[in-house]
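**Q** Got a predicted model here, sequence first, then my questions.
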Protein chains: 4
Amino acid sequence: MKTYRIGICGGSGYTGIELLKWLTRHPAFEVVFVTSESQAGKTIGSCEPYLFAYTDMVYITLDDATQRTDIDLVFLALPHEASAKVTPQFLAAGIKVVDLSAAYRIKNQQVFEKAYGFTHPSFPLTQEAVYGLPELSRESICQARLVANPGCYPTSILLPLIPLFKAGLIQNSTIIADSKSGFSGRGRKTDIPGLFSEMNENFYAYSVGNHRHHPEIVQELEATNFSPVSLIFTPHIMPIDRGMLSTIYVPFDTDPTQDIYDLWTKTYKDSPFVRIFRGKAPQIKWVQNTNEIHMSFTYLPSQKMGIILSSIDNLVKGASGQAIQNANLMVGLPDTLGLITQKGV
Amino acid sequence: MKTYRIGICGGSGYTGIELLKWLTRHPAFEVVFVTSESQAGKTIGSCEPYLFAYTDMVYITLDDATQRTDIDLVFLALPHEASAKVTPQFLAAGIKVVDLSAAYRIKNQQVFEKAYGFTHPSFPLTQEAVYGLPELSRESICQARLVANPGCYPTSILLPLIPLFKAGLIQNSTIIADSKSGFSGRGRKTDIPGLFSEMNENFYAYSVGNHRHHPEIVQELEATNFSPVSLIFTPHIMPIDRGMLSTIYVPFDTDPTQDIYDLWTKTYKDSPFVRIFRGKAPQIKWVQNTNEIHMSFTYLPSQKMGIILSSIDNLVKGASGQAIQNANLMVGLPDTLGLITQKGV
Amino acid sequence: MKTYRIGICGGSGYTGIELLKWLTRHPAFEVVFVTSESQAGKTIGSCEPYLFAYTDMVYITLDDATQRTDIDLVFLALPHEASAKVTPQFLAAGIKVVDLSAAYRIKNQQVFEKAYGFTHPSFPLTQEAVYGLPELSRESICQARLVANPGCYPTSILLPLIPLFKAGLIQNSTIIADSKSGFSGRGRKTDIPGLFSEMNENFYAYSVGNHRHHPEIVQELEATNFSPVSLIFTPHIMPIDRGMLSTIYVPFDTDPTQDIYDLWTKTYKDSPFVRIFRGKAPQIKWVQNTNEIHMSFTYLPSQKMGIILSSIDNLVKGASGQAIQNANLMVGLPDTLGLITQKGV
Amino acid sequence: MKTYRIGICGGSGYTGIELLKWLTRHPAFEVVFVTSESQAGKTIGSCEPYLFAYTDMVYITLDDATQRTDIDLVFLALPHEASAKVTPQFLAAGIKVVDLSAAYRIKNQQVFEKAYGFTHPSFPLTQEAVYGLPELSRESICQARLVANPGCYPTSILLPLIPLFKAGLIQNSTIIADSKSGFSGRGRKTDIPGLFSEMNENFYAYSVGNHRHHPEIVQELEATNFSPVSLIFTPHIMPIDRGMLSTIYVPFDTDPTQDIYDLWTKTYKDSPFVRIFRGKAPQIKWVQNTNEIHMSFTYLPSQKMGIILSSIDNLVKGASGQAIQNANLMVGLPDTLGLITQKGV
């Protein structure tokens, strides 16, 4: 099997570390450099002693990384603004880019800059960037130089909903996504709310009505049928390492259960990471450390409401696993390579 | 201060134990017996060694308890069917009853028996029972012989909603309560899903569309304006000891924020356990081990949707604390007695 | 009951907050100011919204606090160096001081400065300071102007061991204390190891062979019989909010079980916070949120080794509860005032 | 690569499930049946919906399993007594056995029966059984028909200690192993102490002085130099899913640090699962979900005491991972096959 040379920019945050973990068992990807601004010059082993495959590799700076032309593909696990700055440099050097930040996810510049609070230095590239949900955009990803890897919340909400929107099953009504995330989703930043003693035994909603993932979800839903979508998205944070559950409320005048299961089954028949549950609610523990998404549907006839439950690991299918899945397609490999954790599936 | 003699039926479950903990510092209540079918004959100290105030007290059986006439009030922390059986006996002996089970919460016998799965042996008493939300039904509770102590989920949903319904602020539309409970809410039953190794690092929805607390919530909301209420209630279980957060979605055509805060402030101005948050989302850690409820409101004008967040400790305001609050009123004491955990508030 | 006016220096760390929580229900202590360098000028309510008894109190600076002469007693929940600096100022103003830092715990200046890394600005006061274990030094504490409140680890180790040393029961041999602490013991500092995502599901030993509490424990043990003590102390950190368990290995040539239980019973017969377990190992859950210490002893005849298990809440008996207990004695109140959490005990 | 046919007896407990998870990515082992007495006749998918590789496989009974002759090797993740009963049947059919129970670990029948409380039906087989620590007994395991897979506590204690005993480095003195285990180590039994609400935020010692793993550890240490070993072993239980840390105290008159690191390095130079830490204490999070053991050594000259820290995942290196490692050797494969989770190491 041909080996592809891989760079990782941002190797001391949780998504960067998760990339490193999964790539150690990827048969066709070889990590040739890892950047970290805070740890540059140190070995990975001295910082993250459990990453034994990289014990002696030395973190380089992002500046040095942008001089490298000896790689085929780079993963950017960087702050949004840093991604927006270096992406054109890598592309110019003929290097494919999977960007785990939000820099190229939002197609409307005004919406982007309002949500992310900085002037985008390379916004036109957004039009070229492919929003990377491999189960739904396989062809475009295969052709892409630049993939905008979706956010964790959007992944958990879009994969169950898009087939329904595409099929015209969802009426013009308000959808509510009440989502709950594991704590690693907030990254490795050091502040008081991030402390163990603050979060342990705790639970709360945050960014009510104004989370940055809201425009991303709406954009992708609206792209399916070119008509406005009314979405309420309420994120909550849970005292667990990893995992995410979205409870999604969608009004339906008549029972759509059979149609929905048919659509899901058909859409995802070749997608081994999508598991469809009937008569059993997904549990976060069932997807931890996998690249899977589990989904179920229940209809409440009295209230004419459908409830979708969907569950992913926010660090895997919600970030680094999906990034590898996209990278596989971009270099011409099967998307599941290095990501299957159970034999024969 | 006069001392009231108290019995506790069901003293080896979590709500019974929570009653015992709080009553040790209650200045006017003296626990004179505690029942436990599984531990009858043993000392409390040998079973729950941290309950030092009761070290040498011996658990008696429920049968023996019903022979006792030397108490003023009994707390029933029993299975629903056991409560329904013994309540008439205590009442006949002139003993006031606070029932923490659901036995007397539902006014419609058919609805009750469908939800709880047994033929109610003393259903007519339900008509006399007062649904015990002290902040809203103080007068009736003061007169009551029998108080049906509300469920935890209903408490977290009704306290913020009832003032809005009473004021006619809520239109005829579907309300969604997406609730998350600490694990103690499921009681002390021993089965596989109850194990630490199953629940730790886990999170999931359960009883989607058919939880027993649904009819209880609907009944109490409908009682405020005698018109049907459409409610969707989705409970989830969290890997924490205690605490509950309800995220409640209520449609409003125009921004009701000021009205809601005015209503809450006015309704709860004499209720020290109700804390109203503005511009800050309640966190479960802030109510643990207190009898408080914290609530906030946010309006999303684009989606014409209001979001209420409310937070309680499921074992205190959601069960045993509220039970003591009810008992205080029933014997003529201030409802906060023994329950204030911060001076001067 | 006379009311004493209380100041709290360092009210935004975990021990300061724990003091505030307990003092809200103390019948004789009134908090008149609270300092916080980082939050000075803000209300306590805006920073810690669950501290409702102090909602509108404004944090002042430590500098301002040292100008105040209107208090009877001050609790210092400050960094060691800050305590060492301000203590003389409070004492000079006739204010009693309970110092929760380590500033005045170590009687040997060289040992102190090696362990804590700064030149002590007021070391002579250490000779006057009373090491505050109320169960063992009641008389001296009653007379003291300055009490050095013991560390959490030392409290859990000294209370079971000192009676044995005093009675000459322990031979000249090495004692091993293998201790495990809840995470709040490390304070509220924001760094990577403090993050929820680093500590959750984790456990490790730290400061092996060189923890600052080692000289404190040795000093207090040696003070009992004026002969050298060989102690090994290994602290570990646990992924729980609060609690501490010390597993203490003490060699004995013959079975001392009866002697030890007799000594403990006699020494602590008037100490309601000390609970002695026989045939049952203490659990951390049994002491959380109490000012108690639980202890047990087991002898292994084949290895001629005794094993003491002792358990406290590191924030209560290991810090703020014990500080209040000391303050009670210093102003002439019963040491249990405001600290009993179960009636009649 | 040749494929070996594998049976799993006891597929609904935690070690059985862990075997199933790891075997899905093992390139040479094919699971052909799984037993479960409680779930016989049901599909694995209906019981453990996350085990997607086995969705449609139906649990069979142990009785049926013992009739099967179409497998090369069987893993027994059964209660001790059940293992002792069926092992001779599998061996008689020419099937290799890796027994994860303790049935064949103890060479002295009296010691065994005292510790495990039943009359062993096939004790003579114990003499043939190889105690399966692959890093130390590779040759014997390669020849074995029956491997007694070590307990989790013993694995964490023996791997660091045996090289020291073999080299004669350890004097005739008492060794203390203070061990802390993740909760999955107690298995999937349903009782009150196993409930989430009992264990969460808790920590305690258990079986002080009489844990069943004590004779197992002593036997294996004594086997290294044929002289008695004095060991104290104190297990504790932690509120985490998986992981184990042993803090081991070994007296040394002079500093053995260099010798110990030399011995460890030499003994384990071909053992990729053994990681030796110097100047850094192992953390449980670093071994979770791996088959690794991490170990470090610190010498305290004042107390003439050495402290070994060793860390494993109790379900992997402490049970199912090590079982697969043994099985690999028994059929002639490299012991790391299917167990390496990081590339190139």
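**A** Nice, thanks for sending it over. Numbering: from 1, shown residues only, chains lettered A, B, ... in the order given.
**Q** For the residue of the stretch 151-300 of chain A found nearest chain D, which residues are in contact?
**A** Evaluated by CB to the nearest CB, the stretch 151-300 of chain A has A:Trp286 as its residue closest to chain D, separated by 3.7 Å. (C-beta placed from N, C-alpha, C; glycine too.) A:Trp286 sits next to A:His294, A:Ser311, D:Pro49, D:Tyr50 when contact means CB atoms under 8 Å, 6 or more residues apart in numbering or on different chains.
**Q** again with A:Phe90
**A** With CB under 8 Å, 6+ apart, A:Phe90 has these contacts: A:Thr66, A:Val74, A:Val97.
**Q** Which ones among those residues map onto strands?
**A** A:Val74, A:Val97 (DSSP state E).
**Q** sorry, back to before: show the pLDDT at the residue of the stretch 151-300 of chain A closest to chain D.
**A** At A:Trp286, the pLDDT value in this model is 96.
**Q** now A:Ile6, which residues is it bridged with?
**A** A:Val31, A:Leu73 (DSSP bridges).
**Q** rewinding a little: most neighbours of all the contacts of A:Trp286, which one?
**A** Neighbour counts for the contacts of A:Trp286, by other CB atoms under 10 Å in any protein chain shown, peak at A:Ser311, which reaches 29 neighbours.
**Q** What strand or helix carries the closest residue to that residue other than its chain neighbours?
**A** Excluding the flanking residues, the one nearest A:Ser311 by CB to CB, 6 or more residues apart in numbering or on different chains is A:Pro282, at 3.9 Å. Counting by DSSP states H and E, no helix or strand carries A:Pro282.
**Q** Pull the contacting residues for A:Pro282.
**A** A:Leu245, A:His294, A:Met295, A:Ser296, A:Leu309, A:Ser310, A:Ser311, B:Tyr204.
**Q** Just those: which are in strands?
**A** Short answer: these in strands (DSSP E) are A:Leu245, A:His294, A:Met295, A:Ser296, A:Leu309, A:Ser310, A:Ser311, B:Tyr204.
**Q** Go through chain A and flag its longest helix.
**A** helix A:152-166 (DSSP state H).
**Q** and that helix, average pLDDT?
**A** 98.
**Q** quick one: that helix near chain B?
**A** No. Against chain B, helix A:152-166 shows no contacts by CB under 8 Å from any CB of the partner chain, the least distance being 12.8 Å.
**Q** Helices along the stretch 1-150 of chain A, start to end?
**A** A:14-23, A:44-47, A:62-65, A:80-92, A:109-116, A:125-128, A:138-143 (DSSP state H, counting those that start in this stretch).
**Q** who wins for proximity to B:Gly7 among those?
**A** helix A:14-23 (53.0 Å; CB to CB).
**Q** mind listing what the residue nearest to A:Phe183 when sequence neighbours are not counted touches?
**A** With CB to CB, 6+ apart as the criterion, A:Phe183 has its nearest non-adjacent residue at 4.9 Å, and that residue is C:Phe196. By CB under 8 Å, 6+ apart, the contact list for C:Phe196 reads A:Phe183, A:Gly194, A:Leu195, A:Phe196, A:Glu198, A:Met199, A:Asn200, A:Pro239.
**Q** sorry, back to before: kindly reformat the helices of the stretch 1-150 of chain A as JSON lines and extend each row with mean pLDDT.
**A** Output for those, formatted as JSON lines (pLDDT from 0 to 100):
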{"stretch": "helix A:14-23", "mean pLDDT": "96"}
{"stretch": "helix A:44-47", "mean pLDDT": "95"}
{"stretch": "helix A:62-65", "mean pLDDT": "98"}
{"stretch": "helix A:80-92", "mean pLDDT": "98"}
{"stretch": "helix A:109-116", "mean pLDDT": "96"}
{"stretch": "helix A:125-128", "mean pLDDT": "97"}
{"stretch": "helix A:138-143", "mean pLDDT": "98"}
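**Q** Nearest to C:Phe233, out of the contacts of A:Trp286: which one, please.
**A** D:Tyr50 (42.8 Å).
**Q** So the closest one is in contact with A:Ile284, correct?
**A** No. Using CB atoms under 8 Å, D:Tyr50 is not in contact with A:Ile284, being 10.5 Å away.
**Q** circling back to that earlier point, and the contacts of C:Phe196, which are buried?
**A** A:Phe183, A:Gly194, A:Leu195, A:Phe196, A:Glu198, A:Met199, A:Asn200, A:Pro239 (16 or more other CB atoms under 10 Å in any protein chain shown).
**Q** Can you classify the closest residue to A:Ser227 other than its chain neighbours as helix, strand or coil?
**A** On the basis of CB to CB, 6+ apart, the spatially nearest residue to A:Ser227 that is not a chain neighbour turns out to be A:Asn172, at 7.2 Å. Look at A:Asn172: counting by DSSP: H, G, I helix; E, B strand; the rest coil, its state is coil.
**Q** pretty sure A:Asn172 contacts A:Glu222?
**A** No. Judged on CB under 8 Å, A:Asn172 makes no contact with A:Glu222 at a distance of 11.8 Å.
**Q** Tell me which of these two has more neighbours.
**A** A count of neighbours by other CB under 10 Å puts A:Glu222 above the other of A:Asn172 and A:Glu222, at 14 against 10.
**Q** what about the residue of chain A most remote from its centre, is that helix, strand or coil?
**A** Using CA atoms, centre = their mean, the residue of chain A lying farthest from its centre is A:Ser302. It sits 35.2 Å away. Three-state assignment for A:Ser302 (three-state DSSP): helix.
**Q** swap in the one 4 residues further on?
**A** Three-state call for A:Gly306 (three-state DSSP): strand.
**Q** ok, it touching A:Ser296?
**A** No. Counting by CB under 8 Å, A:Gly306 stays clear of A:Ser296, with 10.8 Å between them.
**Q** sorry, back to before: mind listing what's buried along the longest helix of chain A?
**A** A:152-165.
**Q** Mind putting those into CSV with distance to chain D?
**A** What follows is the buried residues of helix A:152-166, written out as CSV (distance: CB to the nearest CB, whole Å):
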residue, distance to chain D
A:Cys152, 19
A:Tyr153, 22
A:Pro154, 24
A:Thr155, 19
A:Ser156, 17
A:Ile157, 22
A:Leu158, 22
A:Leu159, 17
A:Pro160, 17
A:Leu161, 22
A:Ile162, 23
A:Pro163, 21
A:Leu164, 23
A:Phe165, 27
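**Q** For stretch A:69-83, give me every contacting residue.
**A** Residues contacting stretch A:69-83 (CB under 8 Å, 6+ apart): A:4-11, A:13, A:15-16, A:19, A:32-33, A:62, A:65, A:86-87, A:90, A:93-104, A:116, A:118, A:320, A:323, A:327, A:330-331.
**Q** how close does the residue nearest to A:Ser311 sit to A:Phe297?
**A** 11 Å (CB to CB, to the nearest Å).
**Q** On the pLDDT front, check A:Asn172 for me.
**A** Reported pLDDT for A:Asn172: 79.
**Q** Sorry, wrong one. I was asking about A:Leu315.
**A** pLDDT, A:Leu315: 97.
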